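**Student:** Pasted the sequence and its predicted model underneath.
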Amino acid sequence: MNGAWAVFRRDTAGFFNQPVAYVVITAFLLICGWFFTSSLFLAGQADIRSFLASVPLVLVFFAPALTMRLLAEEWRNGTMELLVTLPLRDVEVVIGKYLAALGVFAVALALTGPYPVTVAALGPLDWGQALSGYLGVLLMGAAFLAIGLLASAVTNSQVVAFIVSFFLCFGLFLLGKVLPLVPPALVPVVEFLAVDTHFANLIKGVVDSRDVLYFLSIVAACLAGTVHVLQGRKWGR
Amino acid sequence: MDAIILAEGLCKRYGDVTAVDGVSFRINRGEVVGLLGPNGAGKTTTMKMLTCYMPPTGGRATLDGLDVVAEPLQVRARIGYLPENVPLYDEMGVHEYLEFIARVRRIPAARRAEAIRDIVRRCGLAAVVQKGVAELSKGYRQRLGLAQAMIHNPDVVILDEPTTGLDPNQIVEIRQLIRDLGREKTVILSTHILQEVEAVCDRVLIINEGRIIADGTPSQLHAEFQGAQELDLVVEGAAREALQAALDGLSGADRVTVAEAGGGALSAHVLSPKDADLRAAIFRLCVERGWVLLEMRRTLVSLEDIFRKLTRRDAA
């Protein structure tokens, strides 16, 4: 996994050498800040639940923006040819890049740390519930970033990568919202697939291994898919 | 000599298109070998198979006995590769980029700084080492590309068209670098420029339409092709074996191929050295045996001719 470490370092530097990371983190914080302060000042609630509950919609935009260039740009610039002829396993490339994106997201999330601290200063905060909520956000981000990386592997175009991953993430997000419209026979299936169902438990403070597994299996499936696509694309040439 | 790369019947098909069609060759340790041919001849595809970028659809290739399909990681670790368009990460710094490559190439942390210093000196990058990759001129990009291919001291360096797009001074500098490199390493480079091969290569493989059509040192190829002559005949009334044997028997006939020409006639192709004019002997032979000589055409071929043929297809 030395190779994954080298790729991780390069791509993390890539995020911070270019404006990408700063723009995305700033936008993320501005939007999250709005949700947090509006519930604090307008609704008068010293609570981070409403802030956490709004994060999924932000992530639907935020995750594809982070991952869109990771592999698509390598294909477009031809650097993929060098990358895959270095003594690196495909899986090391994928994991290194994925962790770099996850790292940027973790930084963004860590920068919302003052919110729970502020709430705790104003009144009693249920730290267990807050941590469980943060875990939910982290897991959802991990799942959306894995989807984004897969989308970035299949195309040379960052725009296509963004749109494909946006629709996949938005689709998973939307499933939870359209539940009332779904035929009763399909409700259990849609409910299981929807991000909302699993996220709702975590945000309530219930850490159920089934919900954690749901997100982790999306991550695993998408990363395995990415490795597969990478192999297929170069071997099929 | 000690072979480091062996290719046996290497093929690559993309759907209906055959890019490389049963190529076999051996490359000895320490040789500088040029793959010469027009664009689309299969040079790049052959290199991509040797560097494990894509697998052959037929045949096999080994490096130091390691199969490129079965043991790609070990093969890649022993190769340095510079693709044709010199892909570099523009958002990185030169030093940062070399450090990334050194890390991926598993150069131990303790030796990394030294390896980078050494390669910067050898490739003449000292003036730009603090700059960003995006700021580099074409010549420096090429040097940086060479540096990443050589930093881990590989056994084999594979360079795809290393001098395209450079100005004459830069070409001379890069060729000098390749010659220096060739003193201790095995180098395979591709080119479509005849002079380049003569300037840097010990041996040339000429590739056209996915096949190797010539293999030898530049001077051997000159001797072999320059001034050779070809005779094309059409003969009626002869048995195929008899014609083959009779033509083989002529002194000065290096290579004879006989084929059916239709209508009971046979066509023959005779290759002979420039100074051996076989036309009179062939005429007498036919008269003697009672064969009818319908056609006889002589052409002189030279290395230049082969090249003109190749480049004409290139331009089309």
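**Tutor:** Nice, thanks for sending it over. Residues are numbered from 1 along each chain as shown, chains lettered A, B, ... in the order given.

**Student:** rest of the way, CA atoms for contacts and neighbours
**Tutor:** OK.

**Student:** all strands for the chain, in order.
**Tutor:** Went with chain A since none was named. Remark: no strands are assigned in chain A by DSSP state E.

**Student:** looking at chain B here, not the other one
**Tutor:** With DSSP E as the criterion, chain B has strands spanning B:3-14, B:17-28, B:32-36, B:58-63, B:66-67, B:79-82, B:156-160, B:186-191, B:203-208, B:211-216, B:228-236, B:255-262, B:265-272, B:292-301.

**Student:** From the contact counts, what lies against the fifth one?
**Tutor:** Read it as strand B:66-67. helix B:72-77 (3 or more C-alpha pairs under 8 Å, 6 or more residues apart in numbering or on different chains; DSSP states H and E).

**Student:** repeat that with 10 Å
**Tutor:** Judged by 3 or more C-alpha pairs under 10 Å, 6 or more residues apart in numbering or on different chains; DSSP states H and E, strand B:66-67 is in contact with strand B:3-14, helix B:72-77.

**Student:** closest to chain A out of those?
**Tutor:** Closest to chain A of the helices and strands packed on strand B:66-67, according to C-alpha to the nearest C-alpha: helix B:72-77, at 5.1 Å.

**Student:** ok so, going back, looking at the helices and strands packed on strand B:66-67, which one is packed in the most?
**Tutor:** Greatest average neighbour count among the helices and strands packed on strand B:66-67 goes to helix B:72-77 (a mean of 21), per mean count of other C-alpha atoms under 10 Å in any protein chain shown.

**Student:** does chain A sit close to that one?
**Tutor:** Yes: judged by C-alpha under 10 Å from any C-alpha of the partner chain, helix B:72-77 comes into contact with chain A at B:72-77.

**Student:** What residues sit buried inside stretch B:198-213?
**Tutor:** Buried positions in stretch B:198-213, judged by neighbour count with 16 or more other C-alpha atoms under 10 Å in any protein chain shown: B:200-212.

**Student:** With stretch A:49-62 instead?
**Tutor:** Going by neighbour count (16+ other C-alpha under 10 Å), the buried part of stretch A:49-62 is A:49-53, A:55-56, A:59-62.

**Student:** Looking at the residues you listed, spot the one nearest residue B:68.
**Tutor:** For the buried residues of stretch A:49-62, the closest approach to residue B:68 (C-alpha to C-alpha) belongs to residue A:62, at 40.5 Å.

**Student:** Which residues of chain A lie near chain B?
**Tutor:** Neighbours of chain B within chain A, by C-alpha under 10 Å from any C-alpha: A:2-7, A:9-10, A:13-15, A:17-18, A:73-74, A:76-89, A:231-237.

**Student:** These in helices, which ones?
**Tutor:** Among these, the members falling in helices are A:2-7, A:9-10, A:13-15, A:17, A:73-74, A:76-77, A:79-85, A:231-235 (criterion: DSSP state H).

**Student:** ok, back up a step: and of the buried residues of stretch B:198-213, the nearest to chain A?
**Tutor:** residue B:210 (16.0 Å).

**Student:** How about that closest one, nearest residue that isn't a chain neighbour?
**Tutor:** residue B:20 (3.9 Å; C-alpha to C-alpha, 6 or more residues apart in numbering or on different chains).

**Student:** and the one you found, what pLDDT?
**Tutor:** Listed pLDDT for residue B:20 reads 91.

**Student:** Burial check on it, number of neighbours?
**Tutor:** Residue B:20: 28 surrounding residues under other C-alpha atoms under 10 Å in any protein chain shown.

**Student:** That one against residue B:48, yeah?
**Tutor:** No: between residue B:20 and residue B:48 there is no contact, the gap being 11.1 Å when judged by C-alpha atoms under 10 Å.

**Student:** show me the contacts for residue B:240.
**Tutor:** B:246, B:258-260, B:265-268 (C-alpha atoms under 10 Å, 6 or more residues apart in numbering or on different chains).

**Student:** ok so, going back, who touches both of residue B:20 and residue B:48?
**Tutor:** B:42, B:56.

**Student:** quick one, what contacts the residue nearest the centre of chain A?
**Tutor:** Taking C-alpha atoms, centre = their mean, the centroid of chain A lies closest to residue A:141, which sits 2.5 Å from it. Under the criterion of C-alpha under 10 Å, 6+ apart, the neighbours of residue A:141 are A:55-56, A:59-60, A:62-63, A:101-102, A:105-106, A:109, A:135, A:147, A:215, A:219.
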